[in-house]
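[1] Got a predicted model here, sequence first, then my questions.
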Amino acid sequence: MFFTGDGDGGESAVNNKKISKSHSLLELLGELDKLNSILGWCAVEAAAIDGAGNKKSSVIFGEMILKTQEIIFMAQSELGGAVFEINSKHRIEERHTEYAEGVIKIIDAELPQITKFIIAGGVELAARLDIARAKSRKVERLAVRCASDFPVSSASLKFFNRLSAMLFALARYANYVSGIEEQHPTYSV
């Protein structure tokens, strides 16, 4: 069954512990869910692109996006455990931040250095990754707010900070492999 009706009164319950659906950690879990959905939408487009004739690019994007989705599920498990007082065996660790940093370094080595702000857009995948990046920034801000009152690990905060940079790099790379030149604001409108 796809519904129980137990949450109709505005509370979520796990292990007989009830939490208001307005709880900030539940909001953070919801934002992570949105981010994961956006990444799924990115993965659909990654499967459709050919990287300007290079099928390898679509495979690379797909693998990176799927791995990132898996890491986000770990974050949700860790944070959900904190909300409902369940010791989750899935946690964000330093290796997850190192993964994001590795992706950024690989892409940075191939792309021209950034000297100006970049206007979001370009190919469809880049635009979707830019949306994911913006959502990841919201996740990070909410996680920082939650961390002042609830157990949000420093490893999670570090990963969320690096995640937006990785998604920015991926968006730039999507345009690069598709032969799309980056656009910069002119401030002349």
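    Thanks, I have the structure now. It should be emphasised that the depicted structure is a prediction, and the values quoted were computed from it without experimental measurement.
[2] quick one: the helices in the chain?
    Taking DSSP state H, the helices of the chain run over residues 24-48, 55-83, 94-110, 124-147, 154-177.
[3] what about the spatially closest residue to residue 35 that is not a sequence neighbour, how many neighbours?
    What sits nearest to residue 35 in space, not counting adjacent residues and going by CB to CB, 6 or more residues apart in numbering, is residue 135, at 4.7 Å. (Each C-beta comes from the backbone N, C-alpha and C, glycine too.) Residues within reach of residue 135, counting by other CB atoms under 10 Å, total 21.
[4] now swap in residue 128 and tell me
    Applying the criterion other CB under 10 Å, we find 23 residues in the vicinity of residue 128.
[5] Could you do residue 32 as well?
    Other residues within reach of residue 32, judged by other CB under 10 Å, total 22.
[6] need the contact list for it.
    Residues in contact with residue 32 (CB atoms under 8 Å, 6 or more residues apart in numbering) are 72, 75-76, 79, 139.
[7] Now do the contacts for the residue nearest to residue 35.
    For residue 135, the contact set (CB under 8 Å, 6+ apart) comprises 31, 34-35, 38.
[8] returning to that earlier point: quick one: the contacts of residue 32 as TSV, columns for distance to residue 175 and neighbour count too.
    Putting the contacts of residue 32 into TSV (distance: CB to CB, whole Å; neighbours: other CB atoms under 10 Å) gives the following:
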residue	distance to residue 175	neighbour count
72	24	22
75	28	27
76	30	19
79	33	25
139	24	22
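[9] Just the closest of those to residue 59, please.
    The shortest distance between residue 59 and any of those, using CB to CB, involves residue 72 and amounts to 20.5 Å.
[10] neighbours around the closest residue to the closest one other than its chain neighbours, how many?
    Leaving aside its chain neighbours, residue 72 sits nearest to residue 36 (4.9 Å; criterion: CB to CB, 6+ apart). Applying the criterion other CB under 10 Å, we find 20 residues in the vicinity of residue 36.
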